[in-house]
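Visitor: After the sequence you'll find the predicted model.
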Amino acid sequence: MDSELTLQVDGATHHLMIDTRTSLLDALRQRMGITSPKKGCDHGQCGACTVLVDGRRVLGCLALAVAYDGAEITTADGLAPGDAGGHPVHQAFLDNDAFQCGYCTPGQVCSAVGVLDEIGRGWPSAVTEDVAAGPRLDDAAAMDAEIAERMSGNLCRCGAYKGIRAAVSQAARAGGAVR
Amino acid sequence: MTQTLEPRAMGQDLVRRDGPAKVHGTAIYADETPVENPLYCRVVQSTIARGRVRSVDTTEASALDGVITVLTPGTAERLASTDDAELAVLQSDDVGFRGQIVAAVVAETFEIAREAANLVRVEYDAVDHDTRLSADRHDLYAPEKVNAGYPTDTDVGNMEDAMALAPVTLEQTYTTPMQHNNPMEPHATTALWDPARGDGSGPGLILWDSTQGVHPMRATVRGVLGLEADQVRVVCPFVGGGFGSKGTPHANVVMAAMAARAVPGRPVRLVLTRQQMFSLAGYRTPTIQRMQLAAERDGTLRGIAIDVVEQTSRIKEFAEQTGVPTRKMYAAANRRSTHRLAALDVPVPSWMRAPGECPGMFGPEVAMDELAHELDLDPVELRIRNEPELDPETGKPFSSRNLVACLREGAERFGWAGRDLTPRARLEDGWWVGTGVAASVYPTMRQAQSTAAVRFDGGRYIARIGAADLGTGAWTVLPQIAADALGVPVEDVDVLIGDTDFPVASVAGGSSGTATWGSALVEAAREFRDKFGRGAQDGDEVEAGVRPNPDAGSYTMSAYGAQFAEVCVHAYTGEVRVPRLYGVFAAGRILNPRLARSQLLGGMTMGLGMALHEQSVLDPRFGHVVNHDLAEYHVPANADVADLQAHWIDEHDPHVNAMGSKGVGEIGIVGTAAAIVNAAWHATGVRVRDLPVTLDRFLT
């Protein structure tokens, strides 16, 4: 069965007629040719397909495209449009060599942007000591643990986790999440 | 001795040239190749482990709107060569392992292909299968040789006498489980059989494939399909990880080529699912390692022996060289190593990061720790006391060997001095805390064949070579080498890789890529300068190939390292944590510190996974890996990695190659698991000899 669908992706509008079984990830990659989000497992286990939907991180492979009619989707390629230097998270990943093969990287980058927003909003995680008070932005060790925990849904087989943590930390400081 | 290059660009901490594309996600991987109107191929896998396909009913699948064709053993094209049974896709009714390809659907969309694959009805005549590996099997056999061409067995002196006469002996068996490479990018191909291509030589096959070597891939595929080299082009600018699994062609790429040939003019995409990768993309064999050590009271080894039992597939032999590192690691007059295989009804094992050294430095390095305890000796000191002057196996000198320097610097950085030898002595906040050490080694290799072209164009130097960058940094480090060989700034040099239209390059494997391709670039650059001097004109070009290393026969060449781990084991739950993991390596000249560090840290991280997480569980009743996805085959996640550090010592080795470099892609995973097991023992007094170290081991 096919269904009509409109998606805003990285600032552009796409009208599609799509097989209702199509995942958001496959709609982006196979129907729209937007291959920044990657398919690593197709089961929501690796995080390579992470995109931002209305600012929140979502696993594209676990989302049915038709459920996102009208949604605004941002991929790693659509962050900071018009800024030649890219988003601070892009730069932080480059500065810290936070990747090797690059396949999980766009998902890591989107996840990092989502994580920084979640921390900035004071949302707690499993490692937040005082859930009511939210994550401690003034404590470097606590922030490192928060980032490690919140980035653990994005697997990196090359083992760039150390660089990824450093990158997200750097972006947090650049973005003012941590003072 | 090779004339060593003066390092100017080499050694610089340059950011990856492909970095911006990778962080934006615009680097193009195999499945993303922009092509017109692609079809999607989905494979159907056998549900028995041994027997025959009796029938394939494609009626329902073919009737589905959007299905173009269904390939079966009865309808698929006949391949020119079926010598390699792994690649003889759909060539007979035989089933050699569960998960083997028995049919494939080609359809207009991914969704239709998936549905159609589920509608293909396959009936089998099953026969009893056997997937149980054990050292007690009566049908174990000695392969003719083991991977990388090493002899199967070695026997020097008399190990039995050494064990009978030495004052201190140790005999233990260690095991490592079946492990899967699991690169983040699944094995993927976009294939096009283009009847219009070519210059009268006939149709052309283009494979945009995720591979560690476009030229080795082409050589194999064209042989299987019976095509000439110029009828096949393989393109691969980026590889989403491989760790060996994309080093040799597997059935999926042949399948993709066959699917494309079934639909001339239409490109076909074939991506293995994560689950399919557990039976079709290679894996590391489980190993059983019986170790013997015979020592004097002062720790001097009289003898060292390793007897390895591992598995291969009944349809194709792969013999991991697990016993090889023991042959030359420590000085001991009596040394034995053996490899025995069980040929089982299992998928075909293959390369996984540091085949041989990675599993083969687990048993020995835990045994050394056990011996140190037996002797009441510091395990660092035990290793230093057994440091050989010359290669124990060949009697040749080492081109450079700085294991002792790595041990000493690692001990210093880690704060090893004053460590209490007693196990189960530190209980902190409910956690048993311990520390452990192990050594790393990886041979320094150079492949026989690779050629580079260097051309001057528009004020820039453009080199071409069919090399691969699977995250290693070839896009960045090869220009550094070429710049120094040409004597120009690195900004003025481009090196293009990943295409069989470029001169032939060897596989990215055995940590030999940079050494081999770099040597070819150096030869080409030197020839360019000889021919054109400093006054090159646009269009001036030379091509030159790697030469044999004149020092290869005179020296043993290897990289070394030492890894130090701190492990905490929770006193009540058995939860295992690794708060600190430090590695110090001696790997010749480091050509780009940030890239090398990432390689070493990445290897250590995968070693952490080997130690604590990774285990493919094969169900002997059905012959398949039950935990065949990333939710159940656990690899390290971000929070598993704590204080992880990789360092190196300055090492000048004039014998290895013109760059003075040794490989860094694999040594990081060697010894990691042993260091962690040794630290876990020091923490708890519980000696784990079978990987992985899961929490149940401590609940005694």
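Guide: Arrived safely. Values in this document were obtained by computation on a predicted structure and should not be read as measured data.
Visitor: Relative to A:Gly122, how far out is the residue most central in space within chain A?
Guide: For chain A, the residue nearest the mean C-alpha position is A:Cys110 (2.1 Å; Cα atoms, centre = their mean). Distance check for A:Cys110 against A:Gly122: by Cβ to Cβ, to the nearest Å, it reads 21 Å. Placement of C-beta: from N, CA and C, glycine included.
Visitor: next one: B:Phe502
Guide: Taken as Cβ to Cβ, the span from B:Phe502 to A:Gly122 is 53 Å.
Visitor: of those two, who's got more company?
Guide: Set B:Phe502 next to A:Gly122 and count neighbours by other Cβ atoms under 10 Å in any protein chain shown: B:Phe502 wins out with 21 against 12.
Visitor: before we move on, what SS does the residue in the stretch 501-650 of chain B that chain A sits nearest to have?
Guide: Going by Cβ to the nearest Cβ, chain A is nearest to B:Thr605 of the stretch 501-650 of chain B, at 2.9 Å. Following DSSP: H, G, I helix; E, B strand; the rest coil, B:Thr605 is assigned to helix.
Visitor: Now do the same contact list for the residue nearest to it when sequence neighbours are not counted.
Guide: Leaving aside its sequence neighbours, B:Thr605 sits nearest to A:Gly159 (Cβ to Cβ, 6 or more residues apart in numbering or on different chains; 2.9 Å). By Cβ atoms under 8 Å, 6 or more residues apart in numbering or on different chains, A:Gly159 lies in contact with A:100, B:601-606, B:636, B:641.
Visitor: Repeat the analysis, applying 10 Å as the threshold.
Guide: Shown in contact with A:Gly159 (Cβ atoms under 10 Å, 6 or more residues apart in numbering or on different chains): A:100, B:471, B:598-609, B:635-636, B:641, B:644, B:668-669.
Visitor: Can you tell me the element it falls in?
Guide: Using DSSP states H and E, A:Gly159 is not contained in any helix or strand.
Visitor: what's the answer for B:Phe456, then?
Guide: Secondary structure assigned from DSSP H and E places B:Phe456 in strand B:451-457.
Visitor: go on, B:Ala61?
Guide: In the assignment (DSSP H and E), B:Ala61 maps to helix B:59-63.
Visitor: cool, A:Glu146 as well?
Guide: Following DSSP H and E, one finds A:Glu146 within helix A:140-150.
Visitor: wait, B:Ala281 sits on B:Pro186?
Guide: Yes. With contact defined as Cβ atoms under 10 Å, B:Ala281 and B:Pro186 form a contacting pair (8.1 Å).
Visitor: what is in contact with these two at once?
Guide: B:252, B:272, B:274.
Visitor: Where do the strands of chain A begin and end?
Guide: A:2-9, A:12-19, A:50-53, A:56-59, A:72-74 (DSSP state E).
Visitor: quick one, which of those is nearest to chain B?
Guide: strand A:12-19 (4.8 Å).
Visitor: Pull the contacting residues for the residue lying closest to B:Arg284 once chain neighbours are set aside.
Guide: Spatial nearest neighbour of B:Arg284, excluding adjacent residues (Cβ to Cβ, 6+ apart): B:Met352 at 3.9 Å. Neighbour list for B:Met352: B:179-182, B:242-245, B:247, B:282-285, B:320, B:358-359, B:606, B:610, B:669 [criterion: Cβ under 10 Å, 6+ apart].
Visitor: In helices only, show me those.
Guide: Counted as lying in helices by DSSP state H, out of those, are B:358-359, B:606, B:610.
Visitor: I'd say B:Val677 and B:Phe362 touch.
Guide: Yes. The pair B:Val677 / B:Phe362 is scored as a contact, 7.7 Å apart, by Cβ under 10 Å.
Visitor: Name the residues contacting each of those two.
Guide: B:174, B:438, B:611, B:689, B:691.
Visitor: Sticking with the second one, tell me its helix or strand.
Guide: It refers to B:Ala438. strand B:431-443.
Visitor: Can you name the residues of the stretch 51-200 of chain B sitting close to chain A?
Guide: B:66, B:108-112, B:114-115, B:181-186, B:188 (Cβ under 10 Å from any Cβ of the partner chain).
Visitor: Now the phi/psi pair for B:Asn386, please.
Guide: phi -110, psi 20 (degrees, to the nearest 10).
Visitor: Tell me, how many residues neighbour it?
Guide: Based on other Cβ under 10 Å, the number of other residues close to B:Asn386 is 20.
Visitor: Pull the contacting residues for it.
Guide: So B:Asn386 contacts B:293, B:295, B:299-301, B:304, B:329-332, B:368, B:371, B:392 (Cβ under 10 Å, 6+ apart).
Visitor: separation between it and B:Val584?
Guide: From B:Asn386 to B:Val584 the distance is 19 Å (Cβ to Cβ).
Visitor: And A:Gly33, by the same measure?
Guide: Here A:Gly33 is placed at a distance of 46 Å from B:Val584 (Cβ to Cβ).
Visitor: Just want to know which of the two has more residues nearby.
Guide: B:Val584 (28 against 9).
Visitor: name the element that one belongs to?
Guide: strand B:576-586.
Visitor: by contact count, what packs against that strand?
Guide: Where contact means 3 or more Cβ pairs under 10 Å, 6 or more residues apart in numbering or on different chains; DSSP states H and E, strand B:576-586 is packed against helix B:403-414, strand B:431-443, strand B:558-570, helix B:593-612, strand B:643-648, helix B:672-684.
Visitor: Would you mark the buried spots in it?
Guide: B:576, B:578, B:580-586 (16 or more other Cβ atoms under 10 Å in any protein chain shown).
Visitor: what distance separates that strand from the middle of the whole chain?
Guide: Strand B:576-586 has its C-alpha centroid displaced from the chain centroid by 21 Å (Cα atoms, centre = their mean, to the nearest Å).
Visitor: tell me the centre residue of chain B?
Guide: B:Arg353 (2.6 Å).
Visitor: Just give the nearest non-adjacent residue to it, would you?
Guide: Using Cβ to Cβ, 6+ apart, the nearest residue to B:Arg353 is B:Phe243, at 4.4 Å.
Visitor: Which stretches in chain A count as helices?
Guide: With DSSP H as the criterion, chain A has helices at A:24-26, A:88-95, A:105-120, A:140-150, A:161-175.
Visitor: which strands and helices sit next to the first one?
Guide: Helix A:24-26 sits against strand A:2-9, strand A:50-53, strand A:56-59, with contacts defined as 3+ Cβ pairs under 10 Å, 6+ apart.
Visitor: tell me the contacts of B:Leu371?
Guide: B:Leu371 sits next to B:168-170, B:172, B:291, B:293-295, B:299, B:301, B:304, B:377, B:379, B:382, B:386 when contact means Cβ under 10 Å, 6+ apart.
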